[in-house]
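1. pasting the sequence and the predicted coordinates here, then a few questions.
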Amino acid sequence: MAIPPRTNTALVASPVVRALRFEDVPEALRVVGRAVEHGCRWHYGRAQRDAVYASYASHLFVEALGPFESWVAERGGRTVGVAQLDPADGRLRALFVDAGDQQRGIGRALLAEVEALARRRGLGRLHGAMSLNAVPFYERAGFRAAAGVERLVSARIAIPILRMEKSLTSQ
Ligand SMILES: CC(C)(COP(=O)(O)OP(=O)(O)OC[C@H]1O[C@@H](n2cnc3c(N)ncnc32)[C@H](O)[C@@H]1OP(=O)(O)O)[C@@H](O)C(=O)NCCC(=O)NCCS
């Protein structure tokens, strides 16, 4: 398993994180596609990466209108990341950073925004079905495995994930 090179994220300017608007969806989906192609390439095969992208492509236009909370991260006027939370139960539904912008603190900035909203809403935890390549990122952010590796099925393709969670009550 290849470990991506680490960047000193402290030296890179923070992105602007704002609510996703309907007109952001095409660019947000391009970010999702490139994020998956690059970040998931060592853990997931072609069909699995396509199935993950398709699951967002088929829903994001509708979901931009609700009921979920969605954000984009911008740097230099360019969309570089996307996040989505279900505020009803604290489920992190999406977190993606563009291929060339990974390992530069953008995922952390998006997750901080998600977590801040979850805390304001009084949620006790954040949780999600995390892609295996992203597990070290979530561990770094305070998440822990809530179960063993499971296989989700999307478009008849089995996709291994790890359910992880972060308590918001103890910190
Ligand atoms: C996972 C992802 C969202 C993380 O965002 P990112 O912007 O690359 O991560 P950041 O630069 O904010 O990293 C924050 C910290 O986690 C660490 N980290 C991030 N990815 C890591 C990895 N794969 N392995 C080890 N550490 C990692 C960073 O080094 C950084 O550590 P620091 O606090 O010591 O500086 C992004 O890489 C991505 O989009 N990957 C592909 C799609 C995906 O898997 N999304 C998650 C779906 S559940």
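-> Received the coordinates, thanks.
2. list the buried residues for the helix or strand bottoming out on mean pLDDT in the chain?
-> With mean pLDDT, DSSP states H and E as the measure, the helix or strand of the chain carrying the lowest mean pLDDT is helix 60-63 (a mean of 85). For helix 60-63, a neighbour-count test (16 or more other CB atoms under 10 Å) marks 60, 63 as buried. In short, each C-beta sits where N, CA and C put it, glycine included.
3. just checking, what packs against that helix?
-> For helix 60-63, the elements it packs on are helix 25-39, judged by 3 or more CB pairs under 8 Å, 6 or more residues apart in numbering; DSSP states H and E.
4. helix or strand right after the helix it packs on?
-> For helix 25-39, the following helix or strand on the C-terminal side (DSSP states H and E) is helix 46-57.
5. in what helix or strand does the closest residue to residue 20 other than its chain neighbours lie?
-> Computed as CB to CB, 6 or more residues apart in numbering, the closest residue to residue 20 that is not its neighbour in sequence is residue 70, at 3.8 Å. Using DSSP H and E, residue 70 falls within strand 69-75.
6. residue boundaries of the strands in this protein?
-> 16-19, 69-75, 78-86, 91-97, 125-131, 144-154, 157-167 (DSSP state E).
7. turn those strands into CSV, including mean neighbour count.
-> Converted to CSV, the strands of the chain look like this (neighbours: other CB atoms under 10 Å):
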stretch, mean neighbour count
strand 16-19, 14
strand 69-75, 21
strand 78-86, 23
strand 91-97, 24
strand 125-131, 21
strand 144-154, 11
strand 157-167, 18
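8. per-stretch mean pLDDT over these, give me the minimum one.
-> Looking at the strands of the chain, the lowest mean pLDDT belongs to strand 144-154 (a mean of 94).
9. one step back: what's the angle from the strand holding residue 70 to helix 25-39?
-> Here strand 69-75 runs at an angle of 70 degrees relative to helix 25-39 (axes from the mean of the first three to the mean of the last three CA atoms, to 10 degrees).
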